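**Q** Okay, sequence plus prediction incoming.
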Amino acid sequence: MKDTVFKILSNKSIAANTYEMVLAGDISDITAAGQFVNIMLDGFYLRRPISVCNAEDGKLTLIYKVVGKGTEYMASLAEGAELSVLTGLGNGYDLSLSGDKPLLIGGGAGVPPMFMAAKKLIEAGKSVTVIMGFGRAEEVFYKEEFEKIGAEVRITTVDGSCGVRGFVTDAMPEDYTYFYTCGPEPMLKAVYDKSETDGQFSFEERMGCGFGACMGCTCKTKYGNKRICRDGPVLTKEEIVW
């Protein structure tokens, strides 16, 4: 874990209530897809945890939804502004277990960590399918970015305005070797129930400190209590207790 000052290179809207922020700084502590950072914002007591979308060449890409005053403030920040960012948080995904045809499933704000995972898996020669679930077409983002790196992309929307009508589970293929997923808990439970292979789940929890001190994001597993921020946010399928 490292507290580093990052400079905003860009901060733009990419879909309904959704922004992409690119920052420059020391990304050496970000070592795995599925990790997150914790951002200090002026005037706010708690930092904001945001999943890492990509980290390479000294640039950190974050995608966030505007859901409250903190993220509203983030959306107002201009190029050149500086932010204090805790990096290297969370365990991230173990991509060595993927097999040859991994399936990546992201719902809404759970899509961003799938990008870094897909990129690393494709670079390792894997055949990657990505399913992204949204409420409506206006919320869809990063379809072209996933396709550019070589992933097969399947979109689902609840209202059917883009891709498959329904939920991510309605687009799951029969032939895949392993899966990685991130999104709201009802989606994760649905993926758990439908999946036929082992996999890893990244949980979205409210976090106080982001590094395990406050115990505010503790959950039960088959192997005892775990802190989502420190021992997660990624848990394996076989250890999850619903």
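**A** Noted; the coordinates are in hand.
**Q** okay, the nearest residue to residue 141 once chain neighbours are set aside: pLDDT?
**A** Nearest non-adjacent residue to residue 141, counting by Cβ to Cβ, 6 or more residues apart in numbering: residue 15, 4.0 Å away. Placement of C-beta: from N, CA and C, glycine included. In this model, residue 15 is scored at 98, pLDDT.
**Q** from what I can see residue 15 touches residue 139, true?
**A** Yes - counting by Cβ atoms under 8 Å, residue 15 does reach residue 139; the two are 5.4 Å apart.
**Q** Same drill for the two, tell me which one is more crowded.
**A** Taking neighbours as other Cβ atoms under 10 Å, residue 15 and residue 139 compare with residue 139 leading, 20 against 17.
**Q** Residue 109 is in contact with the more buried one, correct?
**A** No - using Cβ under 8 Å, residue 139 is not in contact with residue 109; the gap is 10.1 Å.
**Q** How much space separates residue 27 from residue 165?
**A** Remark: distance between residue 27 and residue 165 (Cβ to Cβ, to the nearest Å) = 39 Å.
**Q** Near residue 194, how many residues? Count them for me, please.
**A** 12.
**Q** coming back round to it: who has more neighbours, residue 27 and residue 165?
**A** More neighbours surround residue 27 than the other of residue 27 and residue 165, with 23 against 12 (other Cβ under 10 Å).
**Q** How about the contacts made by the nearest residue to that one once chain neighbours are set aside?
**A** Spatial nearest neighbour of residue 27, excluding adjacent residues (Cβ to Cβ, 6+ apart): residue 55 at 4.4 Å. By Cβ atoms under 8 Å, 6 or more residues apart in numbering, the residues touching residue 55 are 27, 30, 61, 116.
**Q** I'd assumed residue 121 was in a helix, is it?
**A** Yes - according to DSSP: H, G, I helix; E, B strand; the rest coil, residue 121 belongs to a helix.
**Q** Surely it touches residue 98?
**A** Yes - look at residue 121 against residue 98 with Cβ under 8 Å: they come within range, at 5.8 Å.
**Q** Domain-wise, how is the protein divided?
**A** If you go by automatic domain parsing, the domain ranges for the chain are 2-88, 95-204.
**Q** in the chain, which helix or strand is least confident?
**A** strand 224-227 (a mean of 59; mean pLDDT, DSSP states H and E).
**Q** Can you list phi and psi of residue 194 for me?
**A** phi -90, psi -30 (degrees, to the nearest 10).
**Q** tell me the contacts of it?
**A** 169, 172.
**Q** Just the pLDDT for it.
**A** pLDDT, read off for residue 194, is 97.
**Q** Next up, phi/psi of residue 135, please.
**A** Torsion angles, degrees, to the nearest 10, at residue 135: phi -80, psi -40.
**Q** Spatially, which residue comes closest to it, not counting chain neighbours?
**A** Closest residue to residue 135 apart from its sequence neighbours, by Cβ to Cβ, 6+ apart: residue 158 at 5.0 Å.
**Q** Give me the contacts around the strand ranked longest in the chain.
**A** Looking across the chain with DSSP state E, the single longest strand is strand 2-15. Defining contact as Cβ under 8 Å, 6+ apart, one finds that strand 2-15 is touched by 19-26, 28-29, 59-60, 63, 74-75, 77-88, 138-142.
**Q** cool, stretch 106-118 as well?
**A** 33-34, 36, 51-55, 62-65, 93, 95, 104-105, 128, 130-135, 139, 141-142, 145-146, 149, 151, 168, 180-184, 187, 202, 204.
**Q** ok, now how distant is the spatially closest residue to residue 161 that is not a sequence neighbour from residue 71?
**A** Among residues not flanking residue 161 along the chain, residue 137 sits closest, at 3.9 Å (Cβ to Cβ, 6+ apart). Remark: distance between residue 137 and residue 71 (Cβ to Cβ) = 22 Å.
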